[in-house]
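1. 3D, please:
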Amino acid sequence: MPSAPQAPDQAAAHPVTVSAAAPDQLGQCAVGQVRTDPMAHRPSAGDEAAGGSAGRWRWVAFGAIITAAVMDLLDSTIAQVAAPTIRRELGGSYAVIEWVTAAYALAMAVGLLTGGRLGDIFGRRRVLLTGIAGFVLASAACAAAQSAGELIAARAAQGLLGAIMLPQVFGLIRDLFEAHEMGKAFGVYGPVMGLSAMLGPIAAGGLISVNVLGTGWRMIFLVNVPVGLAALALGARTLPAGSGSGSGSGSGSGSARRGRLDLPGAMLAGAGMFLLVFPLAQGHSLGWPAWLFAMMGASVLVLAWFGRYQVRRQHTGRDPLVEPSVFRHRPYRAGVVFSIVFTGSLGGIVMIFNVFLQNGLGFSPWHSAITTAPWAAGAFVGSAVGGIAMTRLGRRVLHAGLVVEAAGLLGIYAVLHAAAAGVSTVDLLAPMVVGGAGMGMVFVPLFDIVMAGVRPQEMGSASGVLQTVNSLGMSLGIAGIGAIFFALTGGRGGHVPVYLHAAQWTALATVGLLACSFVTGFGLPRRAREQGAPTGAQ
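-> Reported below is the predicted structural model:
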């Protein structure tokens, strides 16, 4: 689970959409990708003319680009609606529910560190089209899965390919449009992403319930095939050849900065993250054997090794996967911790919104999606509020959003506590809207506030790390809070009082993470990065 758009696309932050729809980011989330590199090369009018048809058909090319972003956004969210149904059909422990989302988010966290660099090295157009083609194949593999293991592997492949696509999206938009057109482009992008966030899970619930041609939950993955192929055909025809080549996040422009991919660093980072998430996701079902704790301890050592390797690689004149100097900024370090804890809180929302409603209360996927739609609507409104208030209030808007979201979750707790035999959609309406609004108020300003003290040459690495920790935090939250939830339910499906009790404690645990985020927020920069100002000049 999936992340800080500027004014034209305030409602489109990826994590907002991820979490608004019984999340992932969120992942996937990719906070702040609209402005990952203010120093990146932007083509002149002559460059656009040289692009031939791409200059004349740039809005068609924009449609292909935004389709890739929508596919990634939807697949980071809609699988949660289907997860209980998938488990019932494919079998396996309750860890399957966690891994259907966690595998996507974890793979994306690993891939985001390298996805931007691939665009720098091979060109954003080529990498985007390759990513779309692979995403279509991975989606077909998800739909064809005959076991939980096959589905989880295909979901991990989707996450990796999504991480390849997503960093190219915003760079290509910058390449296609002149500065005076950017507002118009993101004015389209924002509503499209916002509406996708709100309608995607509802559509997923409808597809599962309608059971199109007997496909059931498989249709939520199959729809990516024709959509992705259309985007691939349009992109191949209209995107200018070589667009984005040699430029990108933190790379400057020109071939001198294209460098080589840090494969050892990527492997170390991926291994460290897997060693951390796997024990949390599987611990309950395996009975917490000692070797799982050994894995968590090893994750600390591997991630420390990764950090040391990055410093050594930089000292020898080679391009590191992550610029080590970004961690010298104390406010940025606080922002990384804030992002992990806050996106981790979305794991509690996943458990309440999907597993509790479907497994505990017996809601259908469609009914579950309709019940959670008010959270998405609230997030849509909260996104606009957060974007408008960001410049004036700075980090105080984050604190305000956390308080509002906590109030919504406490309202959900109160509804669950008062319920004796069950909960209706109407009962949850008001607290859902309030909680979603608070979450939206946090996600949109988060990137600009965290990145306020980062220097321009560090922007690519800093934004890449922030996107990665958002996805990692989502995986950790689903795994950690999911372990609490399933330990309390004891796997007793259909036992409503047990699930009510588990959902209450899950809501309180989520509020506890929001409280930790509130305290950590005092370490963030007081003011947001000004639009158009060089990073680090605040």
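
2. In terms of secondary structure, what does the host helix or strand of Cys142 contact?
-> If you go by DSSP states H and E, Cys142 is part of helix 124-144. Under the contact criterion of 3 or more CB pairs under 8 Å, 6 or more residues apart in numbering; DSSP states H and E, helix 124-144 touches helix 58-75, helix 95-122, helix 148-176, helix 219-222, helix 224-238. C-beta coordinates here come from the backbone N, C-alpha and C atoms, glycine included.

3. What's the mean pLDDT across the longest one?
-> Computed over helix 148-176, the mean pLDDT rounds to 86.

4. Number the residues from 482 up from this point.
-> With the count now opening at 482, the last piece we talked about shows up as helix 629-657.

5. what's the single longest helix in this structure?
-> helix 940-970 (DSSP state H).

6. Can you check what angle separates it from helix 629-657?
-> Relative orientation of helix 940-970 and helix 629-657, computed by axes from the mean of the first three to the mean of the last three CA atoms, to 10 degrees: 150 degrees.

7. tell me the angle of helix 940-970 relative to helix 576-603?
-> Using the same axes, to 10 degrees: helix 940-970 against helix 576-603 is 170 degrees.

8. pLDDT weak spots in the stretch 732-881 of the chain?
-> Within the stretch 732-881 of the chain, the ranges that satisfy pLDDT under 70 run 732-740, 832.

9. OK, contacts around the closest residue in space to Tyr585 that isn't next to it in sequence?
-> In this structure, Tyr585 finds its nearest non-sequential neighbour in Gly640, 4.1 Å apart by CB to CB, 6 or more residues apart in numbering. By CB atoms under 8 Å, 6 or more residues apart in numbering, the contact list for Gly640 reads Ala584, Tyr585, Ala586, Leu587, Ala588, Met589, Gly592.

10. what would the residues you listed look like in JSON lines with neighbour count?
-> Converted to JSON lines, the contacts of Gly640 look like this (neighbours: other CB atoms under 10 Å):
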{"residue": "Ala584", "neighbour count": "23"}
{"residue": "Tyr585", "neighbour count": "37"}
{"residue": "Ala586", "neighbour count": "38"}
{"residue": "Leu587", "neighbour count": "29"}
{"residue": "Ala588", "neighbour count": "25"}
{"residue": "Met589", "neighbour count": "38"}
{"residue": "Gly592", "neighbour count": "26"}
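
11. Next up, the contacts around the closest residue to Val915 other than its chain neighbours.
-> Nearest residue to Val915, sequence neighbours excluded (CB to CB, 6+ apart): Gly889, at 3.7 Å. Under the criterion of CB under 8 Å, 6+ apart, the neighbours of Gly889 are Gly859, Pro912, Met913, Val914, Val915, Gly916, Gly917, Ala918, Gly919.

12. Does the fifth one touch Gly859 like I think?
-> Yes. Counting by CB atoms under 8 Å, Val915 does reach Gly859; the two are 6.5 Å apart.

13. now the helix or strand that contains Gln763 against helix 576-603, angle please.
-> If you go by DSSP H and E, Gln763 is part of helix 744-767. Counting by the same axes, to 10 degrees, helix 744-767 lies at 170 degrees to helix 576-603.

14. Report the backbone C-alpha coordinates of helix 744-767 in CSV.
-> This file holds the C-alpha atoms of helix 744-767, laid out as CSV (Å, rounded to 0.1, in the frame of the first residue of the first chain):
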residue,chain,number,x,y,z
LEU,A,744,22.6,-4.3,-9.2
PRO,A,745,24.5,-5.4,-6.0
GLY,A,746,22.9,-2.5,-4.1
ALA,A,747,19.4,-3.3,-5.5
MET,A,748,19.9,-7.0,-4.4
LEU,A,749,21.1,-6.0,-0.9
ALA,A,750,18.1,-3.6,-0.4
GLY,A,751,15.6,-6.2,-1.7
ALA,A,752,17.1,-8.9,0.6
GLY,A,753,17.0,-6.7,3.6
MET,A,754,13.3,-5.7,3.1
PHE,A,755,12.2,-9.3,2.4
LEU,A,756,14.0,-10.5,5.6
LEU,A,757,12.0,-7.9,7.6
VAL,A,758,8.5,-8.3,6.1
PHE,A,759,8.4,-12.1,5.6
PRO,A,760,8.5,-13.0,9.3
LEU,A,761,5.8,-10.5,10.2
ALA,A,762,3.5,-11.8,7.5
GLN,A,763,4.1,-15.5,8.2
GLY,A,764,4.8,-15.5,11.9
HIS,A,765,1.2,-16.2,13.1
SER,A,766,0.5,-19.0,10.7
LEU,A,767,3.9,-20.6,11.4
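
15. could you say what helices and strands the helix or strand following that helix packs with?
-> Going down the chain from helix 744-767, the next helix or strand is helix 771-796, by DSSP H and E. If contacts are counted by 3+ CB pairs under 8 Å, 6+ apart, helix 771-796 sits against helix 744-767.
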